[in-house]
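S.K.: Quick one: sequence and predicted model below, then my questions.
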Amino acid sequence: MGIAFLMFCDYVKLSFVDRNVTLEAFKGSRKGTVYLMPHQVVFLSKDLKKALRSFTMPFSQIKDCKIKLPKLRPGYIKGQIEAEPNGGWIGSTIFKLTFHNGGANEFGQLMLRIQAEEMKKHSLVSSDQVQNRDSGSQHGH
């Protein structure tokens, strides 16, 4: 039985924009495919020579996520990801997923909706925090 995903986008660039990142695997950017799963976002790099070939972001570890849609550049999703216990790294960093073939808005809206539902279901945040998160996901133009 295969793994179910809700949506995927190809030609996506993953980068970490936090200048304090010291982990070598987080330096630079990589291109690949991003998958929206029921409980997480998974990025799979096309370049298997890079140190970071895949990166999993559970919804419970993603904070302050925003969708940005600049006029003359590709749309992107930017947010903070916190390390999971025993996840191979410590702390948190800022991630950026840039959608070079479109799809940032659709992927981001679905991701935020599923994340809010998941958080509410598991009572990881109060219901008014979820409502504030929904109304606060503004689109930059």
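M.R.: Sure, I can see it. What you see is a predicted model; the values in this text were computed from it and never measured.
S.K.: For the rest of this, base every contact and every neighbour count on C-alpha atoms.
M.R.: Noted.
S.K.: so residue 47 makes contact with residue 30?
M.R.: Yes - in terms of CA atoms under 8 Å, residue 47 counts as a neighbour of residue 30; the distance is 7.1 Å.
S.K.: if you count what's nearby, which of these two comes out ahead?
M.R.: Counted by other CA atoms under 10 Å, residue 47 and residue 30 do not tie: residue 30 has more neighbours, with 24 against 12.
S.K.: quick one: low-confidence ranges for the chain?
M.R.: In the prediction, the chain carries residues with pLDDT under 70 at positions 1-3, 19-21, 123-141.
S.K.: Have a look at it and report its longest strand.
M.R.: Longest strand in the chain by number of residues, with DSSP state E as the criterion: strand 7-16.
S.K.: My read is that residue 14 contacts residue 98, right?
M.R.: Yes - between residue 14 and residue 98 there is a contact under CA under 8 Å: 6.6 Å.
S.K.: Show me which of these two is the more surrounded one.
M.R.: A side-by-side neighbour count of residue 14 and residue 98, using other CA under 10 Å, places residue 14 first with 26 against 22.
S.K.: which residues pair with the more buried one across the strands?
M.R.: residue 30, residue 97 (DSSP bridges).
S.K.: For the lengthiest helix in the chain, enumerate the helices and strands it packs against.
M.R.: In the chain, ranked by residue count with DSSP state H as the criterion, the top helix is helix 104-121. In terms of contact count using 3 or more CA pairs under 8 Å, 6 or more residues apart in numbering; DSSP states H and E, helix 104-121 is assigned the packing partners strand 7-16, strand 62-68, strand 75-82, helix 127-136.
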